[in-house]
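J.: Below is the sequence, then the predicted model.
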Amino acid sequence: MTTFHSVMPLIPTGNSLEEAIVFYTEMLGFKVARQWDGGAVIQRDSVSFLLQVSNNREWADNSSFSIGVADLDALHAEYQHRGVAMGRLEVKFWGRREFHMIVPSGVCLQFYGIAG
């Protein structure tokens, strides 16, 4: 039987891979694992994304990714300290405590707390 181990979503960058990499590394704390002309893999702990140069706003505006973290309060404080524009930390009507942000390309990221 095959076991699934991870998923690596593609995220559009907008027109500039370089600007996207700066945002994800300097503002969100990711590291570049691999980079090539037109794309890059970024990673923070065990979460990875494949950044792909694309300015397709329909794709970006309709993309949303949830990221579970062990210490949601600490992450929210870290991002506040870095000046990241984000929503407030709150319990949503579906019961999950989270905050969200719209990254420069238009993609929505939700960060939520999980038991660590």
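T.: Yes, it's here. Numbering: from 1, shown residues only.
J.: Poorly predicted segments of this protein, please.
T.: Across the chain, the ranges flagged by pLDDT under 70 are 115-116.
J.: packing partners for the helix or strand that contains Ala77?
T.: In this assignment (DSSP states H and E), Ala77 forms part of helix 72-82. Packed against helix 72-82 by the contact rule (3 or more C-beta pairs under 8 Å, 6 or more residues apart in numbering; DSSP states H and E) you find strand 97-102, strand 108-113. Just so you know, the C-beta spots here come from the backbone N, C-alpha and C atoms, and that holds for glycine as well.
J.: Show me where this protein has its strands.
T.: Ranges of strands within the chain are 10-12, 31-36, 39-44, 47-52, 64-69, 90-91, 97-102, 108-113, based on DSSP state E.
J.: Export those strands to TSV and append columns for mean neighbour count and distance to Thr25.
T.: As requested, these are exported to TSV (neighbours: other C-beta atoms under 10 Å; distance: least, C-beta to C-beta, whole Å):
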stretch	mean neighbour count	distance to Thr25
strand 10-12	18	14
strand 31-36	12	7
strand 39-44	18	7
strand 47-52	18	11
strand 64-69	15	16
strand 90-91	10	27
strand 97-102	17	15
strand 108-113	18	15
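J.: what about the ones you listed, which gets the closest to Val84?
T.: strand 97-102 (6.3 Å; C-beta to C-beta).
J.: Just give the nearest non-adjacent residue to Leu75, would you?
T.: Counting by C-beta to C-beta, 6 or more residues apart in numbering, Val69 is the residue found nearest to Leu75 once chain neighbours are left out, at 5.2 Å.
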